[in-house]
Structures are given as structure tokens and as C-alpha cells.
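A.B. asks: Provided below are the primary sequence and the corresponding predicted coordinates.
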Amino acid sequence: AQRVTQPEKLLSVFKGAPVELKCNYSYSGSPELFWYVQYSRQRLQLLLRHISRESIKGFTADLNKGETSFHLKKPFAQEEDSAMYYCALSGRSTGFQKLVFGTGTRLLVSP
Amino acid sequence: GAVVSQHPSWVICKSGTSVKIECRSLDFQATTMFWYRQFPKQSLMLMATSNEGSKATYEQGVEKDKFLINHASLTLSTLTVTSAHPEDSSFYICSTTYRNLRYEQYFGPGTRLTVT
């Protein structure tokens, strides 16, 4: 079964502190992993995907197949990073089109 | 990037009535669109996959006769909530995969439905 687990509902940090949003997945095979972000009063948008191996807005995420994790990290959080973050996966069984979302983690960065 | 719009952004209807939500791809052709439902402070739950020119594929547990999906053109998919009840009140979001970006979905802004 496909499943994405985000254990933290809320993560509260101070500006400048490191951030790690956890994501674990369950999938038989090699999934594609994504992080989506939803800022206040805005639509859901793609932050980054593991196949791109890129850093967006200072965030990075490494796929660890052994631990089936795809944690999102940023060394120095900014207030504008406050948002809802969703980890998601897609798989070959659905043509890599359908997304399975985790329950989301709200990141709150305080000044 | 691709732009997806939804109309209306917010709708209130009475129990027993039907309400239609539109999802449009503004600058590209979308052969496949997805409809999600999001309860307050919860994650997105995929309801159905809308395919242009064919019947929608519904996820397990989603009543296809209650949530009618029509994808009659390459730029428009509609979700009709029939005989709405208060428990149908939710945030409905559509998305589409941009045909040249296989693994990326673009999301609409969502429609908040309140059934009184």
C-alpha cells in the first residue's frame, strides 16, 4: 500500500534556527517523492522533487531508500517559510500521475 | 508555470440542492485533472481522476453518483455535488499534470463549499 507519514502536525522554531520536517513513506517499488507547500491564503505549489536534486528557497530533501524517508531541511529558517508543508509520492502503478499526500506539517517560524 | 483556476472560490448552498464547481487550465491543454477534498486542518484526499472525453475514475469510497465529474474539453473539468448535505461541506481542490512535466501537478486555488 502507498502511504506517506508526516509525524509532526506542528513545528515551531525561531528565525535562524535549523528546520527538519520529517517524511516517511511506504511503497513497493521506486516512487517519486515531492514536497508541496501551501502559504497562507495561497494555493498548493510544488517546492521540490527528489529527482531534481535541487535546493529551492534554501530547502533540500534527500531520498533515503534504506530508511524510506524524504525529510525536508533548511539550515536557517526565515519567517516567510511559515506555511503548511506536504510530503507526497507518486508511483509507476498509477503512471506517476496520482499523488498520495501526507497529513502535512505546519511550520511556524517566529522572530 | 501552468495556471489552473477554479470557480467559484466560495459557495453556500442549501441541503438537497446541487452545486457545480469548475476547474480550468488557462494556458495549456489538460487531458487529466484531479479532484481533491480537504477537510479543515487535514490533508488532501484524492476523490477522482478526470479524463478528457471519458469517464472519471473514482477512488475507493467516493460515491460517483453523488460527485459527478465531467471533462468535456481539454481545458475544463466540472465537479457537481448532487443533493448536497452538510457533511459535504469541505474545500474542493483540482489539479492537473502539465503535459510536458510528467511528474508535476499544478493546483487550483480551491473552492470552499458550505452546505446549510
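C.D. replies: Sure thing, it's come through.

A.B. asks: point to the residue nearest the middle of chain B.
C.D. replies: For chain B, the residue nearest the mean C-alpha position is B:Trp35 (3.6 Å; CA atoms, centre = their mean).

A.B. asks: so that residue is in which element?
C.D. replies: strand B:32-38 (DSSP states H and E).

A.B. asks: within its sheet, name the partner strands of that strand and how each one runs.
C.D. replies: Taking DSSP bridges as the criterion, strand B:32-38 forms sheet pairs with strand B:44-51 (antiparallel), strand B:90-97 (antiparallel).

A.B. asks: residues in contact with it?
C.D. replies: A:97-99, B:23, B:25, B:44-52, B:67, B:69, B:71, B:77, B:79, B:90-97, B:105, B:110 (CB atoms under 8 Å, 6 or more residues apart in numbering or on different chains). For glycine as for every other residue, the C-beta is placed from the backbone atoms N, C-alpha and C.

A.B. asks: whichever of those end up buried, select them in PyMOL.
C.D. replies: To isolate the buried subset of these in PyMOL, counting by 16 or more other CB atoms under 10 Å in any protein chain shown, use the following:
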select buried, (chain A and resi 98+99) or (chain B and resi 23+25+44+45+46+47+48+49+50+52+67+69+71+77+79+90+91+92+93+94+95+96+97+105+110)
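
A.B. asks: still on that earlier bit, please compute how far the strand holding B:Trp35 lies from its chain's middle.
C.D. replies: Distance, stretch centre to chain centre, for strand B:32-38: 5 Å (CA atoms, centre = their mean, to the nearest Å).

A.B. asks: likewise stretch A:62-79?
C.D. replies: Distance of stretch A:62-79 from the chain centroid (CA atoms, centre = their mean) equals 7 Å.

A.B. asks: ok, now stretch B:46-64?
C.D. replies: 10 Å.

A.B. asks: again, but for stretch B:12-19
C.D. replies: Here stretch B:12-19 shows a centroid-to-chain-centroid distance of 17 Å under the convention CA atoms, centre = their mean.

A.B. asks: what are the buried residues along that stretch?
C.D. replies: Neighbour count says stretch B:12-19 has B:13, B:19 buried, by 16+ other CB under 10 Å.

A.B. asks: and it, C-alpha only, in PDB?
C.D. replies: Taking Å, rounded to 0.1, in the frame of the first residue of the first chain, the C-alpha atoms of stretch B:12-19 are listed here in PDB:
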ATOM      1  CA  ILE B  12     -23.000  28.300   0.100                       C
ATOM      2  CA  CYS B  13     -26.000  26.100  -0.800                       C
ATOM      3  CA  LYS B  14     -28.900  24.600   1.000                       C
ATOM      4  CA  SER B  15     -29.200  20.900   1.800                       C
ATOM      5  CA  GLY B  16     -30.700  18.900  -1.100                       C
ATOM      6  CA  THR B  17     -29.500  21.200  -3.800                       C
ATOM      7  CA  SER B  18     -26.700  20.600  -6.300                       C
ATOM      8  CA  VAL B  19     -23.700  22.700  -6.900                       C
END
